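Peer 1: When you get a sec, could you give me coordinates for this:
(one chain, ligands or ions: 2)
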Amino acid sequence: MTVETSVNGKSRDPSGARGEQESNGGGLWDSVKKAAFIIGSGILFLAAFGNSLTWHLQRFWGASGDFWQDLWTKLCVAFEGHDEALFYFGTMLLPSLTFWGLNALLLVVDTTGKPSFITRYRIQLDKNNPVDPAKLRQALKCVTLNQLFISGPIVVGVYHLMSLRGAPCSPELPTFHRALMELAFFSILEEIMFYYSHRLFHQPNLYKRFHKQHHEWTAPVGVVATYAHPLEHVLSNLLPVVIGPVILGSHVSTTSMWYCVALISTTISHCGYHLPFLPSPEFHDFHHLRFNQCYGVFGVLDRLHGTDDKFRQSKQYERHTLLTGLTPLNESIPDAPKKAL
Ligand SMILES: [Zn+2]
Ligand SMILES: [Zn+2]
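Peer 2: Numbers count the residues shown, from 1 in each chain. Ligands and ions are numbered 1, 2, ... in the order given. Just a heads-up that it's a prediction; the model follows:
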């Protein structure tokens, strides 16, 4: 893995810029205490108002809950006596198909530069137009190996852990209320674990040995989401996602939905296009561009630790919103004109 961070004609020294980051993250312990307070308050708020919120949503859910239960009962009958197979179907096959299905579409756009109604939403306009085939092949190889030889065995381990806690494939689906609360918990846990493990991987020694590989892409594409050194893949990509359902002893349906949501969300974060009506990928795209900003998933901990200060002064921050029209944000909020030399 020798591609330098000078790819795409832009030479940056991530370790050199890190000094600034460490200075603004100075009172780390203070920030951790602040983070614990805010996250604790969030959990209390959910506990206090969660019931009435989900009661309304449950009413909206209504009869479709029966539809999903009927579907699940049919699946249970089809897989009778093969809980393990049913678990892998939900937590390996379905999330993998979701990931590759979405990325196949993105790869068509990245490799052909068409259709233009998608490419006009590219965030870093002069990059990946089209993507470097050799670099992409290398990324695809690594992503496939990570999936087959790391994610796969870890999901096997997760099945055995969850079976110790109970029956992840029980015949009764969790209530809508329960599934929603669990997804909220998984998201909070992911933000905490991803932020700190990711920031740890930016320490100069660890960065050089492990995380630099992921940052070879200063302008990422969808599959780069899991293009990482095996150790980083385990600690930063998998652990923050798989630990939540193990802690709560979740049903396989919730676990499967969560894995799919996590894979879709990280693919969108890396895809390089800010498309209408989809979550904004500007935050993590900025991390790839600048290295020492925007370490988290939702940005809560970056705000607390001040690791989004430069991002908040940037054009990308102005564009970091849900695009509800068809005009690309790099047109409605253009870059400042470059100063003449
Ligand atoms: Zn990334
Ligand atoms: Zn990073």
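Peer 1: Okay, now the unreliable bits of the chain?
Peer 2: Within the chain, the stretches falling below the threshold (pLDDT under 70) are 1-35, 38, 46, 49-65, 338-341.
Peer 1: most centrally placed residue in it?
Peer 2: Taking Cα atoms, centre = their mean, the centroid of the chain lies closest to Thr266, which sits 2.9 Å from it.
Peer 1: distance of it from Phe201?
Peer 2: Distance of Thr266 to Phe201, computed by Cβ to Cβ, to the nearest Å: 15 Å. Backbone N, C-alpha and C define where each C-beta goes, glycine included.
Peer 1: coming back round to it: list the contacts for the residue nearest to the centre of the chain?
Peer 2: Applying Cβ atoms under 8 Å, 6 or more residues apart in numbering to Thr266 gives the contacts Ala225, Thr226, Asn237.
Peer 1: which residues touch the nearest residue to Ser170 once chain neighbours are set aside?
Peer 2: For Ser170, ignoring the flanking residues on the chain, the nearest one in space by Cβ to Cβ, 6 or more residues apart in numbering is His251 at 6.6 Å. By Cβ under 8 Å, 6+ apart, the residues touching His251 are Pro168, Cys169, Ser170, Leu173, Pro174, Ala179.
Peer 1: wouldn't the fourth one be in contact with Phe67 here?
Peer 2: No - with contact defined as Cβ atoms under 8 Å, Leu173 and Phe67 do not form a contacting pair (10.7 Å).
Peer 1: quick one: which of the two has more around it?
Peer 2: Neighbours per residue, other Cβ atoms under 10 Å: of Leu173 and Phe67, the larger number sits with Leu173, 19 against 10.
Peer 1: Got the phi and psi for that one?
Peer 2: With angles defined as degrees, to the nearest 10, Leu173 shows backbone torsions of phi -70, psi 150.
Peer 1: To which secondary structure element is Ser280 assigned?
Peer 2: Ser280 is part of no helix or strand when elements are defined by DSSP states H and E.
Peer 1: My read is that it contacts Tyr273, right?
Peer 2: No - the pair Ser280 / Tyr273 is not scored as a contact, 10.7 Å apart, by Cβ under 8 Å.
Peer 1: ok, residues contacting whichever strand or helix holds Ala139?
Peer 2: Under the assignment given by DSSP H and E, the secondary-structure element containing Ala139 is helix 133-146. Outside helix 133-146, the residues that touch it by Cβ under 8 Å, 6+ apart are 1, 3, 7, 107, 110-111, 213, 216-217, 221, 223-228, 230, 233.
Peer 1: Run the angle between the helix or strand just after that helix and helix 133-146 for me.
Peer 2: Of the helices and strands lying after helix 133-146 in sequence (DSSP H and E), the nearest is helix 152-165. Between helix 152-165 and helix 133-146, the angle formed by their directions is 30 degrees, by axes from the mean of the first three to the mean of the last three Cα atoms, to 10 degrees.
Peer 1: helices and strands around helix 152-165, which ones?
Peer 2: Secondary structure elements in contact with helix 152-165, counted by 3 or more Cβ pairs under 8 Å, 6 or more residues apart in numbering; DSSP states H and E, are helix 83-88, helix 239-248.
Peer 1: circling back: tell me which residues in the helix holding Ala139 are buried?
Peer 2: Buried residues in helix 133-146, defined by neighbour count with 16 or more other Cβ atoms under 10 Å: Lys135, Leu136, Gln138, Ala139, Cys142, Val143, Asn146.
Peer 1: again with stretch 316-324
Peer 2: With burial defined by 16+ other Cβ under 10 Å, the residues of stretch 316-324 counted as buried are Gln316, Tyr317, Arg319, His320, Leu323.
Peer 1: next one: stretch 169-182
Peer 2: Buried, per 16+ other Cβ under 10 Å, within stretch 169-182: Cys169, Leu173, Pro174, Phe176, His177, Ala179, Leu180, Met181, Glu182.
Peer 1: would you list those in TSV and tack on distance to Lys208 and secondary structure?
Peer 2: Formatted as TSV, the buried residues of stretch 169-182 follow (distance: Cβ to Cβ, whole Å; DSSP: H, G, I helix; E, B strand; the rest coil):
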residue	distance to Lys208	secondary structure
Cys169	43	coil
Leu173	47	coil
Pro174	44	coil
Phe176	47	helix
His177	47	helix
Ala179	41	helix
Leu180	42	helix
Met181	41	helix
Glu182	38	helix
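Peer 1: quick check, nearest of the residues you listed to Met92?
Peer 2: Met92 lies nearest to Cys169 out of those, by Cβ to Cβ, at 13.8 Å.
Peer 1: okay, the helix or strand encompassing Ile264 in PDB with CA atoms only?
Peer 2: Taking DSSP H and E as the criterion, Ile264 maps to helix 252-270. Only the C-alpha atoms of helix 252-270 are listed here, as PDB (Å, rounded to 0.1, in the frame of the first residue of the first chain):
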ATOM      1  CA  VAL A 252     -31.900 -10.600  14.300                       C
ATOM      2  CA  SER A 253     -34.400  -8.400  12.400                       C
ATOM      3  CA  THR A 254     -33.300  -5.300  14.300                       C
ATOM      4  CA  THR A 255     -29.600  -6.300  14.000                       C
ATOM      5  CA  SER A 256     -30.000  -6.900  10.200                       C
ATOM      6  CA  MET A 257     -31.700  -3.500   9.800                       C
ATOM      7  CA  TRP A 258     -29.000  -1.800  11.800                       C
ATOM      8  CA  TYR A 259     -26.200  -3.400   9.700                       C
ATOM      9  CA  CYS A 260     -27.900  -2.300   6.500                       C
ATOM     10  CA  VAL A 261     -28.400   1.200   7.800                       C
ATOM     11  CA  ALA A 262     -24.800   1.500   8.900                       C
ATOM     12  CA  LEU A 263     -23.500   0.200   5.500                       C
ATOM     13  CA  ILE A 264     -25.800   2.500   3.500                       C
ATOM     14  CA  SER A 265     -24.900   5.500   5.700                       C
ATOM     15  CA  THR A 266     -21.100   4.900   5.500                       C
ATOM     16  CA  THR A 267     -21.400   4.400   1.700                       C
ATOM     17  CA  ILE A 268     -23.200   7.700   1.300                       C
ATOM     18  CA  SER A 269     -20.600   9.400   3.600                       C
ATOM     19  CA  HIS A 270     -17.900   8.300   1.200                       C
END
